[in-house]
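Peer 1: with the sequence up front, the predicted model follows.
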Amino acid sequence: PYNGIVAYVASLYLWILIARINPLWLLVVPALHSLQYLAVVWRYQTNVERDGQDAGKDPQPKILSFLGPLYRLRVLGFIVGGGALGYLGFWLIPFVLTALIPYDRQVLGSSLFFFIVLIFINVHHYFLDNVMWRRGNPEVSKYLFR
């Protein structure tokens, strides 16, 4: 029971207390969680590729090979896509909803729709993680837990 309590306090409250010292931590902690998530996905995908039928073959040249290594283009697309989704979710959508939908700011505060979007993203993330990375999932057990 102590492990669960420690994990609960560390994951929910400890980093919020640190954010009271410097609000920048509200950005740093989710960024570090994203790096952790990328490491898990990298491990999973590496094992999937290693077990593939054509794992020993050299990759065939692609149509866009004249642009240089394709991974650079994919990384750029990933960064631009992440920036666009972040702008939509954390700035544009809450701003537009705040401007279009009237509500009592004295009661609910000035950032109601930012809060709603943030809660939606977190709950969605929780349910997706629960489905994708469940130890009982045979794909996850095969490729991640080796």
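Peer 2: Nice, thanks for sending it over.

Peer 1: so what secondary structure elements neighbour the one helix or strand residue 81 maps to?
Peer 2: Using DSSP states H and E, residue 81 sits within helix 70-87. The contact analysis (3 or more Cβ pairs under 8 Å, 6 or more residues apart in numbering; DSSP states H and E) places helix 70-87 against no helix or strand. C-beta here means a position set from N, CA and C on the backbone, and glycine is covered the same way.

Peer 1: distance from the chain centre to it, please.
Peer 2: Helix 70-87 has its C-alpha centroid displaced from the chain centroid by 13 Å (Cα atoms, centre = their mean, to the nearest Å).

Peer 1: what's the following helix or strand after it?
Peer 2: Using DSSP H and E, the helix or strand that follows helix 70-87 in sequence is helix 93-100.

Peer 1: got the contact list for that next one?
Peer 2: Under the criterion Cβ atoms under 8 Å, 6 or more residues apart in numbering, residues 110-114, 116-117 lie in contact with helix 93-100.

Peer 1: so residue 90 is in contact with residue 117, correct?
Peer 2: Yes. Contact status for residue 90 versus residue 117: in contact at 7.1 Å, counting by Cβ atoms under 8 Å.

Peer 1: higher neighbour count, the two?
Peer 2: residue 117 (18 against 14; other Cβ atoms under 10 Å).

Peer 1: what residues are up against that one?
Peer 2: Contact partners of residue 117, counting by Cβ under 8 Å, 6+ apart, are 89-90, 93-94.

Peer 1: try it again with 6 Å
Peer 2: Residues near residue 117 by Cβ atoms under 6 Å, 6 or more residues apart in numbering: 89, 93-94.

Peer 1: circling back: columns distance to residue 128 on top of the contacts of helix 93-100, output as TSV?
Peer 2: Shown next, in TSV, are those (distance: Cβ to Cβ, whole Å):
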residue	distance to residue 128
110	30
111	25
112	25
113	22
114	21
116	18
117	16
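
Peer 1: quick check: the residue of the chain most remote from its centre vs residue 112, distance?
Peer 2: Distance from the C-alpha centroid of the chain, by Cα atoms, centre = their mean, peaks at residue 106 (32.6 Å). Distance, residue 106 to residue 112, by Cβ to Cβ, to the nearest Å: 12 Å.

Peer 1: cheers, nothing more for now.
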